[in-house]
Each structure stands twice: as structure tokens, then as C-alpha cells.
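Q: one predicted model, sequence on top.
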Amino acid sequence: MSKRSFSFPVADVRARALGEIHARPYTLLPLPRVIFQLAFLTEANLDADHAILAELSLGQGVPAPSPDTSHHTMSWGSGTLRWERHTEFSTYFWDTPAPAAFGGEIAVNPFGASFAAPGPFISGVRIEVRPAGDDMSDITSRFDPTSLCQSMVADNQAVLITDFRQDGDGLTKFLILDHGMTDAARGMLAQRILDIETYRTLAMMGLPMAQGLSPEIRQFEARFTAITQRMKQHARDEADEMLLEITTLAAELEANAAFSLYRFGASRAYNDIVLDRVGMLAERALPGNETLGAFLHRRLAPAMRTCQSVEERQVNLSRKLTRATALLRSWIDVDLQKFNTEILASMDKRSHLQLRLQQTVEGLSVAAISYYVIGLVGYLAKLMHYTGLDITPEALTGASVPFVVVAIWLLVRRIRNRHDDDGGRKLSWRQRCAEAREVDKRPTV
């Protein structure tokens, strides 16, 4: 290979695509260590989130990150403070040496009185990593036995203990008893636990919405049932009124579905992440104890099924409303076609009467015009008689009558045929009515 460096045009997204691979590196954790992570909903106020991060950075003598960055790391005290921005939330991660006793207070930390929350607090986690050789005989008694979870993880190199209860600071406590993991392995295990707790809380955000929408959907279903029962008996008589009711119902349902679409979709995605991280723990149950994955499955799965059920009810009801609307429209179209047929029949009758009247008027007009023309011929005959023509005016006038009548009749017929000519086609009134019917049968948009 040549020593000349490559200098090709770089794609706009190359740096971001490559940087994303290293965006969330695991923190190397020595023993003993305590980790805190707070998650806040910041999607509605990204500027405040960036302002708080900038203040923390400047306080540690670190340049503030740019507003479009999604992760930032700095040293804080004897540990690392790491900030990450996700789709609708941000996390603040900090680790420090563990106190002498499990659950002991950390006097100096980034989240003291001077720290302002960038948004609503959604999740908080405290993880303590300690050597398995320490005396932990009284640790289990500090957890709630009704939700206590203990299992071997990381290929039997650690014991994970939690009860998913929150302490006085609102943090969920986890204890990792290390049986010989490396610093990197501890960091990976801690990150998976942080993801499980954060994302399982975010996944559960869809449950209150599902529970709130369920009674409304039940009302929609009752209203829809009432409309369909009316359709069985009064479809033709009340089609317009029922179409208005069912259209209004469909609009209300779609508004609710649009409101919940993002939340339910996010809950599914978060739940998938939780299941993925639980699988990575490679848990093995300890005798007489429940694993973390089994506990979450029993609590999280019903909530996700509730969200899925509400979403499916919305979709199914929307499909039924669409079919009912199409059925009502078909009945209205049938009535409209019947009405149009009656109108065409009335037009056909009027056209026939107009033709008869036109023929009558044509006959009268031929007689009237012939009368006046014959009168002119009479004057001409008198003039010819006075000039010496040996024929009486009455005889000449009488002889001209048939010729004049035939000529006027031919002239009137020619004028009528010229007016009836439509683009070179002579259409009778029946042909015109037939074309009008074909036009009416064409589908309307």
C-alpha cells in the first residue's frame, strides 16, 4: 500500500454513522462501585436539557457540547458523568466509589440541590457492585421479600439482587455481587440493568393510556352496535341519518387512534428492548428465588397485552366502520340511481311531448308561411294579367298552391335537420335520451 493517505469525497452521514457505533461505550467499573442514572422526559423542552448540561460542563471546566449532540461525557469527582439524549428522554449517568455500607449516602454528587431537572422525572436507578466475598448476610433483609429477585448472571460470574422497589430518593436499587468479572464485564452488566429498568418504565407509560381509552372504545362499540341494528330495519328510510352518525363515530375513533398511535408504538419498542436486555443477562435461577426476567414477564407482559388489545380493538372497529359506511353508501347510491332513472323517464316523456309539439308547430308554420307566399304569388299573377298575360290571377294563384306548400315543407324540414345535426350525427330524441342515461351511469368521484 502506498503511504499516501486516501482523500475521497466523504458522504455527509459518514461521520455520524461511524460515531454511532461508539456513542454508548461501557464504563469500566472497578470494585466497589455505585452507579446512579436518572432519566427525564425532555422531548418537549430540549433547550432546558442542553442548558443544564452546559452548566454542569462549565462547572467542571469542560466546554459545553453543541446543541445537536446526542451524548456527552465528562469527569465529575472520582467518577464519570455521562449524558445521553434519546427520542423522548435524556439520561444522566454517574459512577463513584461505593460507600462502606450498602445503601449508604453519597454526600457529594452531581444531583444535589443545585441540579435542576430538565423535565419530568421518569426513571431512577442505583446499582452497587461489590465483591462477593464481603459479608452480605443482612443485605437480603433490606429488600422486599414479596418482589425479591435473585439470580446468577454473566455466565455465573455475578449474583444480581433487586426488588424493583424505590427508596426514599425514588431510585430502584440493584446489588451485584461480583465473583471475578473484569472491569469491562461489570460495565456491560451495569448498562444492561440500567436499560432494563429505564425501558421497562417507559414501556409501562402506554398502560394508563390504554386503561383510559378502553371505556371510550367500549362506548364506541355500543354506539356502533346500535347503528348496525337500525341498519337491519331502517336502512333505506334512515340511510342519510345513519351515515352521518357513523361518519361522526369514525372521526372520533380516528382522533383517539391518532392520539395513542405513538405511545403504543413506543411501548412495543421499549418492551422489545427490555426483553433483549433480559436475554443478554443469561440468568440462572437460584434455589427458592425468582429471576429478574421471570418477575418482569409476569408484570410487564399483561400490561403490554392490554395496550395491544386496545390498539387492536381500535383497528378492528375502524375496519367495521369502514364496511358499514360502504354499505350505507351503496344503499344511498341505489336510491340515487332510482331517482335519476325517474328523472330520465320524466325527461324522456317531456322530450316526446316536445317533439309532438314541434311537429304540430312545423305543420302550422308550413300552412302559415304557405298562405303568405301564395298571397304574394296572387299579387304577382295580377301584375302579369295586367301586363297582357292571358290567364286569370285566380287560376295562376290556385295552380301555385301545391308547389308552394311542397317547397315550404321541404325548406322547413331542411332547417330542422340542420339544427338536429350534432357533430355530423343526426340524433333522434330517443338517441339523445339513451346517451343521457349512459352518462348518468358513469361512476362519480
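A: That came in fine, so what should we check first? Just so it is clear, the model here is predicted, and its values are computed rather than measured.
Q: can you show me the strands along the stretch 151-300 of the chain?
A: 158-166, 172-178, 284-285 (DSSP state E, counting those that start in this stretch).
Q: return the most buried member of those.
A: strand 172-178 (a mean of 22; mean count of other Cβ atoms under 10 Å). Yep, even glycine has a C-beta here, placed from its N, CA and C like the rest.
Q: what average pLDDT does it get?
A: The average pLDDT for strand 172-178 rounds to 94.
Q: chain center to it, what's the gap?
A: 41 Å (Cα atoms, centre = their mean, to the nearest Å).
Q: which residues sit against it?
A: With contact meaning Cβ atoms under 8 Å, 6 or more residues apart in numbering, strand 172-178 is reached by 31, 102-103, 123-132, 134, 136, 139, 143, 157-167, 186, 189-190, 193, 197.
Q: quick check: neighbours of that strand in the sheet, parallel or antiparallel?
A: Strand 172-178 sits in its sheet next to strand 121-131 (parallel), strand 158-166 (antiparallel), going by DSSP bridges.
Q: let me have the strands of the stretch 151-300 of the chain in JSON lines, extended by distance to Thr291.
A: Putting the strands of the stretch 151-300 of the chain into JSON lines (distance: least, Cβ to Cβ, whole Å) gives the following:
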{"stretch": "strand 158-166", "distance to Thr291": "9"}
{"stretch": "strand 172-178", "distance to Thr291": "14"}
{"stretch": "strand 284-285", "distance to Thr291": "5"}
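Q: the ones you listed: which one's closest to Cys307?
A: strand 158-166 (19.8 Å; Cβ to Cβ).
Q: how about the CA coordinates for that closest one, as CSV?
A: Extracted C-alpha coordinates of strand 158-166, given in CSV (Å, rounded to 0.1, in the frame of the first residue of the first chain):
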residue,chain,number,x,y,z
ALA,A,158,-22.2,-12.5,39.4
VAL,A,159,-25.3,-12.5,41.6
LEU,A,160,-28.0,-9.9,40.8
ILE,A,161,-30.4,-8.9,43.6
THR,A,162,-33.3,-6.4,43.4
ASP,A,163,-36.9,-6.0,44.5
PHE,A,164,-37.9,-3.3,42.0
ARG,A,165,-38.9,-1.0,44.9
GLN,A,166,-37.9,2.6,45.1
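Q: average pLDDT for that strand, rounded please.
A: For strand 158-166, the mean pLDDT works out to 92.
Q: which stretches of this protein have low pLDDT?
A: Along the chain, segments meeting pLDDT under 70 span 1-6, 20, 22-23, 134-137, 234-237, 359, 419-445.
Q: could I get the strands paired with strand 172-178 as JSON lines with distance to Ala285?
A: Below are the strands paired with strand 172-178 laid out as JSON lines (distance: least, Cβ to Cβ, whole Å):
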{"stretch": "strand 121-131", "distance to Ala285": "21"}
{"stretch": "strand 158-166", "distance to Ala285": "11"}
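Q: how about the contacts made by Thr291?
A: Cys149, Ser151, Glu283, Arg284, Ala285.
Q: identify the farthest-apart pair in these.
A: Across those (Cβ to Cβ), the longest gap, 12.6 Å, separates Cys149 and Arg284.
Q: list the beta-bridge partners for Arg33.
A: Listed beta-bridge partners, Arg33: Pro97, Val129 (assigned using DSSP bridges).
Q: so how many other residues sit close to it?
A: 23 (other Cβ atoms under 10 Å).
Q: next one: the one 4 residues further on
A: A count of neighbours around Gln37, defined by other Cβ under 10 Å, yields 25.
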